[in-house]
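> Show me the folded form of this:
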Amino acid sequence: MDKLDAMTKQVRDFCDARDWRKYHTPKELAIGMATESSELLQLFRFMSNDRIAEMFEDTEQRQVIEDEIADTLLFLLRFVDLNGIDLPAALSSKLIRNGERYPINASSDEYRKAGHRE
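The predicted structure is shown next:
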């Protein structure tokens, strides 16, 4: 069992022990992912890059960041588990499509959304 499978099983066991499956619809799990990732974003809102670097050096603040990452991952793993999504395959497929959309030879030092070239 690889790490991803082990984490998915850990989340499944945790949720099943609490009989939460009835609450874990695709919509509710997607809301959970958005909510938890927004909580992560809130930690960095209005912070300078220097201040953010300091946050990662502070043990307590780093723990808060890690908790929000873990919360987001929990919802993601639960979503893919209950909906039969092969996460590694989905990622590989998406990276192939992104590679076509953002070819290396067309890359630049400037970040731009695809289709917004000037």
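> for the protein, which spans come out with low pLDDT?
109-118 (pLDDT under 70).
> Verify the stated contact: residue 33 with residue 75.
Yes: the pair formed by residue 33 and residue 75 meets the contact definition of Cβ atoms under 8 Å, at 4.3 Å. All C-beta spots, glycine's among them, are computed from the backbone N, C-alpha and C.
> Looking at the two, which is more packed in?
residue 75 (21 against 18; other Cβ atoms under 10 Å).
> Now name the helix or strand holding that one.
helix 59-82 (DSSP states H and E).
> Tell me the buried residues in that helix?
65, 68, 71, 72, 74, 75, 76, 77, 78, 79, 80, 81 (16 or more other Cβ atoms under 10 Å).
> Can you give me the separation between the last one and residue 4?
Separation of residue 81 from residue 4 (Cβ to Cβ, to the nearest Å) stands at 11 Å.
> give me the number of residues near residue 92?
For residue 92, using other Cβ under 10 Å, the count is 10.
> let's have the chain start at 37 instead
Let's use 37 as the start, then, which means that last one is residue 128.
> what about it, distance to residue 112?
Relative to residue 112, and taking Cβ to Cβ, residue 128 is found at 16 Å.
> Give me the buried positions along the helix or strand containing residue 67.
Element membership for residue 67, per DSSP H and E: helix 62-80. Using 16+ other Cβ under 10 Å as the test for burial, helix 62-80 gives 65, 68, 69, 72, 73, 76.
> neighbouring contacts of the helix holding residue 111?
43-44, 47-48, 51, 57, 60, 62, 65-66, 68-69, 72-73, 75-76, 79, 90-92, 121-123, 126 (Cβ atoms under 8 Å, 6 or more residues apart in numbering).
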